[in-house]
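Novice: have a look at this prediction, sequence included:
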Amino acid sequence: MSLLIWCHIYLVLVSAAQNASFTPQHIRTLQNETKSLFNHAWQSYMKFGFPADEVLPLSCEPYGRDFNDPFNIVRNDAMGNISSTVLDNLDTLVIMEEWDEFENALDYLKASKNTLFAKDTIVQVFETTIRSLGGLLSAHLILSDISQFSQRYTRLAEIAEKYDGFLLDMAYDLGKRLIPAFRTKSSIPLPRVHLNHGLKLIPPSLQIDACTSGAGSPVLEFTLLSRLTGDPQFEYFSQVSFWKIWASRSSLGLMPMTIDPQSARWKDAVSGIGASIDSFYEYAVKSSIIFNDSHMWEVFKSSYKSLLTHSVQGGGPLDATMIFTNVGSNDGQLFTDWIDSLSAFWPGLQVLAGQLKDAVKTHLLYLRIWDYFDSIPERWNFRLSDKSTSAVALEWYPLRPEFIESTYYLYRATKDPMYLQIGSRVLKLLQTRYMAKCGLHGVQDIRTGQMQNRMETFVMSETLKYLYLLFDAANELFVHNGMLASKSWVFSTEAHPLWFHEQLDVLGKRTDINATNLHAQDHFKLKEVFEKELALKGGQKRLGAFVKKSNIDFYRKTPNKNQNRTIIHLPAVSTVDPYELKFATCEVIAFDKMIEFPASHYYELENLFELDWKFQGSLSRPPYLSQNPLDGSYIELDPDFFSLFSMSRTNLQSRRAASTQIYDVIVGDVAGIQEKEISIFKFKPSTAVDEAVVLENDLWIPDLTAMRIRVEVLEAGNVDIHNNVLTQEYIDSLADITADVDYQDPSYDVTKPKTALRVTKVNGIYVNSGSIVWTHPIHDNTGALSMTDLGRVMIEGKVVENMMVLWTDQDS
Ligand code: DMJ
């Protein structure tokens, strides 16, 4: 690139850096700059890389598979020698409105239609599915199933007019080359396939392990391929695999990450949300949307419940962040000290699943990591107690899209300008630190800044696409402007817009397909797997139990168990399954008030900076990066943005961080937790009798078996999660030591406790401040659980502030 152009980019950059106004004009400038980056990357590929799979951004050479070393899977898995950058970016060209380039790409593909996939290469099934098959399907849908083109899209309408469906033929060809991977005894696919020879010529050691996302995720593209072509085999095999994996989840409802595809036996016992498992959940949600599949939605809901119970740290109403950790799939115990870069996609999925408040909290941690590293390390250790060891457990950052993907979803749901600010910072880094002569380069070692001579296809197809779409605040682009309004569409895991509807009148529907290539017994197999799965779920029995009238008559809590109890009938009480309630509404504004532009509600979060303290051992800027947080690198402290968007919060202060200890207590059988009945009380206070002790949003757990209870230890002198300093008087008061107790009476065995407990979460349900967890009287002879005279629950001898018993007529 000439000096002149470099200077121009620099000047644009400097002017953008000084402008954090986010006026429509400013946002458009950011969008244009993103598009310039895309054009730079695309043109570099076309000039120096095409028709290879990729271009090397630093050395300006074509890059494809390593033909000398089939074991070089890091390089080879996404390289089929099939011009992957083109296939992965057809819809990116549409979104960027690069019509000439789009037409050129289509011409190239049409000309090579019969030869492109006839290659002597081994590819990874998952990568080829999401990048290449997904790219073809998306472009096919765009060209064949949009009827109303706005004026801005007349060029696209013209291109579509000429389209004869050849992309679907290519998708079908590719699908048939990938499908042999599914022909295992178990129907769990082998991870790799030879494009020309199916399962032949592949070193056996490359076929041993399949990961959960790799084996389960083809379900979306493959089902769509079947629906569009009329050939059922793709849907059948991918669905069998998906449901088999799901059916073999642990009794905690968690799936491990590695499976032997031949025996369908798990090879590890670790679960989480990041690498190796991420898109399994993602495609449960996205399949439920595009195929209107309620079973898929149940998979996500059930998984989310298990993750909330066992994997999540933080996440409560008073917590700054929510971390989904890796835990043992059979015991729910913390398994690793790190989270990975891939897991940064999760807040985007939370938004899509209607869990916006959770999404904001989850995203905050990735934002903070970005603040310190200008990237997200492939693995980041969150439990270091001092900075003497690097928190960077795996050191590369190949310009992955996940953080900006989630930022895009959060902006669409909240319109909070903080997300634009994040985008503008990411854009700035792409324009400077990650800019290469022939594209954009990743980082090989974020501790030293060593560059990586690679630009994976997802840099354009996801990272730049989501960034560009983030800056489409005025909804001008086709995915936002109504052209897709009538479709239930999603971005695939590789950011390809995909949709399906029964009336889809697509070109290329196969007439030559003979459904007999799927044997009748295969149909039975699918049915059998599926029914087994439903039976495992208890036939969805909880669905009908969403709201039920309580048939419990409550006795009023009395000051002494020997006194008469007064019965209180609460006829208007309903109990609701809190998980169903959580998913019953789709949250669209995460903050309590509507956003009044131009304010960022981030500055209202009392614990915005708590993470810096909490993860102080794990957060430090590598020495080669600027150490000045006010130079814009610390996104929330960018002076321009802060002065414009913080409203009157000029004295931004973090709340005191809690110094209390938090831990989980497992009571009874951990395997019973998933099916344990927990209800939340719902009634208007006015409908209850005056002295009712049960209040709206209190929780009801009939018995305390099979529980994972998160407790906060209340000890005098500590600051609790409510920001109160705990006193001994308060702790004493919890122990039912009432005025009528005669302390001098030696027969009265009162030992003043040093500590008490507060329950903050039960089986994944957070207990609101001021709410009580109610249960039946405790009859436990193990000593783990007991109760005080006044009916407060005690765990291992410690009285619990907010867990109490209710005597019902069953107990009288
Ligand atoms: C992409 O290929 C997809 O997003 C995939 O689901 C996971 N990771 C890469 C990018 O990081």
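Specialist: Received, thanks.

Novice: which pLDDT value goes with Cys211?
Specialist: Per-residue confidence at Cys211 stands at 98 (pLDDT).

Novice: which strand or helix spans the closest residue to it other than its chain neighbours?
Specialist: Distance criterion C-beta to C-beta, 6 or more residues apart in numbering; nearest residue to Cys211, sequence neighbours excluded, is Ser276 at 3.9 Å. C-beta here means a position set from N, CA and C on the backbone, and glycine is covered the same way. Taking DSSP states H and E as the definition, one finds Ser276 inside no helix or strand.

Novice: wait, Ser276 touches Pro256, no?
Specialist: No: with contacts counted by C-beta atoms under 8 Å, Ser276 stays clear of Pro256, the gap being 9.1 Å.

Novice: tell me, what's touching those two both at once?
Specialist: Here Ser276 and Pro256 have Thr212 as joint contacts, going by C-beta atoms under 8 Å, 6 or more residues apart in numbering.

Novice: what residues are up against the residue nearest to Cys211?
Specialist: By C-beta under 8 Å, 6+ apart, Ser276 lies in contact with 211-214, 257-258.

Novice: return the set of buried residues in the longest helix seen in the chain.
Specialist: Using DSSP state H to define each element, the chain has its longest helix at helix 24-44. For helix 24-44, burial by neighbour count (16 or more other C-beta atoms under 10 Å) applies to 26-27, 29-31, 33-35, 37-38, 40-42, 44.

Novice: for Ala275, which non-adjacent residue is spatially closest?
Specialist: Leaving aside its sequence neighbours, Ala275 sits nearest to Leu342 (C-beta to C-beta, 6+ apart; 4.7 Å).

Novice: secondary structure class of that neighbour, three-state.
Specialist: helix (DSSP: H, G, I helix; E, B strand; the rest coil).

Novice: circling back: who touches the longest helix of the chain?
Specialist: With C-beta under 8 Å, 6+ apart as the test, helix 24-44 has contacts from 9, 12, 16, 19, 55, 57, 60, 89, 92-93, 96, 98, 101, 420, 423-424, 427, 430-431, 435, 437-440, 455, 459-460, 464, 467-468, 471-474.

Novice: can you rerun that using 6 Å?
Specialist: With contact meaning C-beta atoms under 6 Å, 6 or more residues apart in numbering, helix 24-44 is reached by 19, 55, 96, 424, 430, 438-440, 460, 464, 467-468, 471, 473.

Novice: what ranges do the helices span in the stretch 301-450 of the chain?
Specialist: 346-352, 356-373, 402-414, 417-431 (DSSP state H, counting those that start in this stretch).

Novice: dump these to JSON lines, plus mean pLDDT.
Specialist: Compiled in JSON lines, those are given as follows (pLDDT from 0 to 100):
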{"stretch": "helix 346-352", "mean pLDDT": "98"}
{"stretch": "helix 356-373", "mean pLDDT": "97"}
{"stretch": "helix 402-414", "mean pLDDT": "97"}
{"stretch": "helix 417-431", "mean pLDDT": "97"}
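
Novice: most packed of these?
Specialist: Of the helices of the stretch 301-450 of the chain, the one with the most neighbours on average (mean count of other C-beta atoms under 10 Å) is helix 346-352, at a mean of 26.

Novice: ok and the residue in the stretch 551-700 of the chain nearest the ligand?
Specialist: Residue nearest to the ligand within the stretch 551-700 of the chain: Ile635 (21.0 Å; C-beta to the nearest ligand atom).

Novice: circling back to that earlier point, intersect the contacts of helix 24-44 with the contacts of the ligand.
Specialist: By C-beta under 6 Å from any ligand atom, no member of those lies near the ligand.

Novice: list buried residues within the residues you listed.
Specialist: Among those, those classed as buried by 16+ other C-beta under 10 Å are 55, 96, 424, 430, 438-440, 460, 464, 467-468, 471, 473.

Novice: where does Leu143 land in three-state SS?
Specialist: Reduced to three states with three-state DSSP, the structure at Leu143 is helix.

Novice: which residue is the nearest non-sequential neighbour of it?
Specialist: Counting by C-beta to C-beta, 6+ apart, the nearest residue to Leu143 once its immediate chain neighbours are dropped is Tyr163, at 4.1 Å.

Novice: and the one you found, how many neighbours?
Specialist: 18 (other C-beta atoms under 10 Å).

Novice: go on, Asn196?
Specialist: A count of nearby residues for Asn196, using other C-beta under 10 Å, gives 14.

Novice: try the one 3 residues further on
Specialist: In terms of burial, Leu199 registers 14 neighbours under the definition other C-beta under 10 Å.

Novice: and the one 5 residues further on, by the same measure?
Specialist: For Pro204, the count of nearby residues is 6 (other C-beta under 10 Å).

Novice: quick one: contacts for it?
Specialist: Contacts of Pro204 by C-beta under 6 Å, 6+ apart: none found.

Novice: restricted to strands, list the contacts of Ser276.
Specialist: Applying DSSP state E to the contacts of Ser276, the entries found in strands are 211, 258.

Novice: quick check: the farthest pair among the contacts of Ser276?
Specialist: Ser213 and Thr258 (10.7 Å; C-beta to C-beta).

Novice: for these two, indicate the residue with more neighbours.
Specialist: Neighbours per residue (other C-beta under 10 Å) separate Ser213 from Thr258, with Ser213 holding more: 25 against 19.

Novice: so that one touches Ala275, yeah?
Specialist: No: Ser213 lies out of contact with Ala275 (C-beta atoms under 6 Å); the separation is 8.1 Å.

Novice: now do the longest helix of the chain, average pLDDT.
Specialist: Mean pLDDT, computed over helix 24-44, is 97.

Novice: also stretch 382-400?
Specialist: Mean predicted lDDT for stretch 382-400 stands at 92.

Novice: that one vs the ligand: in contact?
Specialist: Yes: Stretch 382-400 is in contact with the ligand by C-beta under 6 Å from any ligand atom, via Arg400.

Novice: what does the stretch 201-350 of the chain put close to the ligand?
Specialist: 279, 342.

Novice: pLDDT below threshold where in the stretch 201-350 of the chain?
Specialist: Across the stretch 201-350 of the chain, nothing is flagged by pLDDT under 70.

Novice: which residue ranges of it form strands?
Specialist: 210-211, 258-260, 265-266, 270-271, 312-314, 322-324, 327-328, 338-340 (DSSP state E, counting those that start in this stretch).

Novice: no further questions, thank you.
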